[in-house]
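J.: Pasted the sequence and its predicted model underneath.
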Amino acid sequence: MNQGIIKKYAKLLPVSAKTPIITLNEGNTPLIHAGYLSSLVGKNAEVYLKYEGLNPTGSFKDRGMTLAISKACEAKATAVMCASTGNTSASAAAYTARAGIKCVVLIPSGAIALGKLSQALIHGAKVLAIKGNFDEALDLVKEITAHYAITLVNSLNPYRIEGQKTASFEICDCFGDAPDFQIIPVGNAGNITAYWKGYKEYRALGLSTKLPVMLGFQAQGAAPIVKNKPVKNPHTIATAIRIGNPASWKTAVEARDESKGLIDLVSDQEILTAYKLLAQKEGVFAEPASAASIAGLLKLITGGYFKKINNTRKKYKIVCILTGHGLKDPERAIKCVKPPKIIKPDLKTILKEIGY
Ligand code: AN7
């Protein structure tokens, strides 16, 4: 039975018998073979989707939050705080509800997806919407948590990264080794940092033999790492990654360089195309920020990145991380397709509509 990432990977996490475990049985998410996407890459590649949207609150944040909240409880904290583009706040709200401690979240007003806002609110967090962006919210949270007895649970909290690294353990456990390439959206850059840490630890322990090439993608209007300077007014329809000054910038660059990978950008149009393609060709519904992985894959294919592997005899594994569930942002889904046609409740009309 899956009892969450702390029990499963306790030996590789900073926990002891004294750590209270606050869990919603997160982790153990499926690694789904993507036949259509594989065929686009070529005969030597198999593409897999790590569907992190199937975590309890619908995003990868739960892996880090279970550990951050458990450690906060171990330290007898009574309140936690985070800034969020939505998913961190949803996860923090759920795990603190379970732990019975206070949760305060700062969100950029009007800029987080409806599903995420509903989660933070229904779990009873104190939600404050600032007239500003995520980066401004995070600066405020850093200042407040530095001066008051409130635990910061953004990914600057090292337990968040520790928990999130378990996703790479799961991928290695599933394949029996690390994949060859990993494609991942990059916002505040905690997740790419966490995966890379996880892969390196597994290899150091002899539990895998290689390291993947890390391929990160930012949204075009929010691509500080690609442009090598902070973006003052980031913009993108992928609100989860609308971040102009990532907290884990340096470690994301390390992951990129140590793995001989890259961090590139994809446009909103490319994200939306990938978002629909993923839903309609693979049957997987992920939120727009997650579709940045798929947009990145498509961009790499078009640019000839995988040509080099198609000239070899080996089979390569490419894992795309789908960080959050599509239902987080139903408004975006509805906006980018045709609305349902309204018809009379009449047999003939229906048969005509469906071509019978
Ligand atoms: C679906 O919730 O930053 O590069 O405050 O929700 O580790 O920041 C969310 C980030 C990708 C980027 N995909 O991950 C927040 C927040 C989804 C996300 C990212 C986020 P990082």
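T.: Looks like it arrived, so ask away. Residues are numbered from 1 along each chain as shown.
J.: residues in the stretch 151-300 of the chain within reach of the ligand, list them.
T.: 155, 185-191, 240-241, 287, 289-290 (CB under 6 Å from any ligand atom). Quick note: C-beta positions are derived from backbone N, CA and C, even for glycine.
J.: what's the burial count for residue 204?
T.: The number of residues packed around residue 204, counting by other CB atoms under 10 Å, is 9.
J.: Nearest to residue 213 among the residues of the stretch 151-300 of the chain next to the ligand?
T.: The shortest approach to residue 213 among these belongs to residue 186, at 14.7 Å (CB to CB).
J.: Now the closest one. Its backbone dihedrals?
T.: phi -130, psi 120 (degrees, to the nearest 10).
J.: Is it in contact with residue 216, as I believe?
T.: Yes: assessed by CB atoms under 8 Å, residue 186 is found in contact with residue 216 at 4.1 Å.
J.: rewinding a little: could I get the residues of the stretch 151-300 of the chain next to the ligand as a markdown table with secondary structure?
T.: A markdown table is the format used below for those (DSSP: H, G, I helix; E, B strand; the rest coil):
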| residue | secondary structure |
| --- | --- |
| 155 | coil |
| 185 | strand |
| 186 | coil |
| 187 | coil |
| 188 | coil |
| 189 | coil |
| 190 | helix |
| 191 | helix |
| 240 | helix |
| 241 | helix |
| 287 | coil |
| 289 | helix |
| 290 | helix |
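J.: Adding neighbour count and pLDDT, write the residues you listed out as CSV.
T.: Formatted as CSV, those follow (neighbours: other CB atoms under 10 Å; pLDDT from 0 to 100):
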residue, neighbour count, pLDDT
155, 28, 96
185, 31, 98
186, 35, 98
187, 30, 98
188, 26, 98
189, 26, 98
190, 25, 98
191, 28, 98
240, 30, 98
241, 28, 98
287, 32, 98
289, 32, 98
290, 34, 98
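J.: ok, so of those residues, who is nearest residue 306?
T.: Residue 306 lies nearest to residue 185 out of these, by CB to CB, at 19.2 Å.
J.: Among the residues of the stretch 151-300 of the chain next to the ligand, which one lies nearest to residue 226?
T.: So of these, ranked by how close each gets to residue 226 (CB to CB), first place is residue 186, at 9.0 Å.
J.: residue contacts, the closest one?
T.: 192, 216-218, 225, 241, 246, 252, 263 (CB atoms under 8 Å, 6 or more residues apart in numbering).
J.: pretty sure residue 149 contacts residue 78?
T.: Yes: between residue 149 and residue 78 there is a contact under CB under 8 Å: 7.4 Å.
J.: Residues that sit against both of residue 186 and residue 216, list them.
T.: 192, 225, 252, 263.
J.: who wins for most neighbours among those?
T.: residue 192 (32 neighbours).
J.: mind listing what it touches?
T.: Per CB under 8 Å, 6+ apart, neighbours of residue 192: 184, 186, 214, 216, 248, 251-252, 255-256, 263.
J.: Please tabulate the residues you listed in TSV, including the columns secondary structure.
T.: Listed next are those as TSV, based on three-state DSSP:
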residue	secondary structure
184	strand
186	coil
214	strand
216	strand
248	coil
251	helix
252	helix
255	helix
256	helix
263	strand
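J.: Now do the SS call for residue 22.
T.: coil.
J.: what does residue 217 give?
T.: Per three-state DSSP, residue 217 ends up strand.
J.: pretty sure it contacts residue 184?
T.: Yes: Residue 217 lies in contact with residue 184 (CB under 8 Å); the separation is 7.3 Å.
J.: more crowded one of the two?
T.: The residue with more neighbours, out of residue 217 and residue 184, is residue 217; 33 against 30, by other CB under 10 Å.
J.: Could you report the distance from the more buried one to residue 329?
T.: Distance, residue 217 to residue 329, using CB to CB, to the nearest Å: 18 Å.
J.: How many residues are close by residue 60?
T.: 30.
J.: What sits closest to it if chain neighbours are left out?
T.: Distances taken as CB to CB, 6 or more residues apart in numbering place residue 52 nearest to residue 60, at 3.9 Å, with adjacent residues excluded.
J.: For the one you found, give me its contacts.
T.: Applying CB under 8 Å, 6+ apart, the residues near residue 52 are 29, 59-60, 167, 290, 321-324.
J.: which one of those is nearest residue 283?
T.: Scanning the contacts of residue 52 for proximity to residue 283, where the rule is CB to CB, the winner is residue 322, at 12.3 Å.
J.: what's the spacing between that closest one and the ligand?
T.: 8 Å (CB to the nearest ligand atom, to the nearest Å).
J.: how far is the host helix or strand of residue 198 from where the chain is centred?
T.: Secondary structure from DSSP states H and E places residue 198 in helix 190-204. How far helix 190-204 lies from its chain's middle: 15 Å, per CA atoms, centre = their mean, to the nearest Å.
J.: just stretch 117-132 next, same as before
T.: 20 Å.
J.: Wondering if that stretch reaches the ligand at all.
T.: No: residues of stretch 117-132 are not located near the ligand by CB under 6 Å from any ligand atom, the shortest gap being 10.2 Å.
J.: Buried ones in that stretch, by neighbour count?
T.: 117, 119-120, 123, 125, 127 (16 or more other CB atoms under 10 Å).
J.: Report the mean per-residue pLDDT for that stretch.
T.: What stretch 117-132 shows for mean pLDDT is 98.
J.: From start to finish, how long is it in a straight line?
T.: 16 Å (CA to CA, to the nearest Å).
J.: And the contacts of it?
T.: 57-58, 84, 86, 89-90, 92-94, 96-97, 102-110, 136-137, 140.
J.: Thanks a lot, see you next time.
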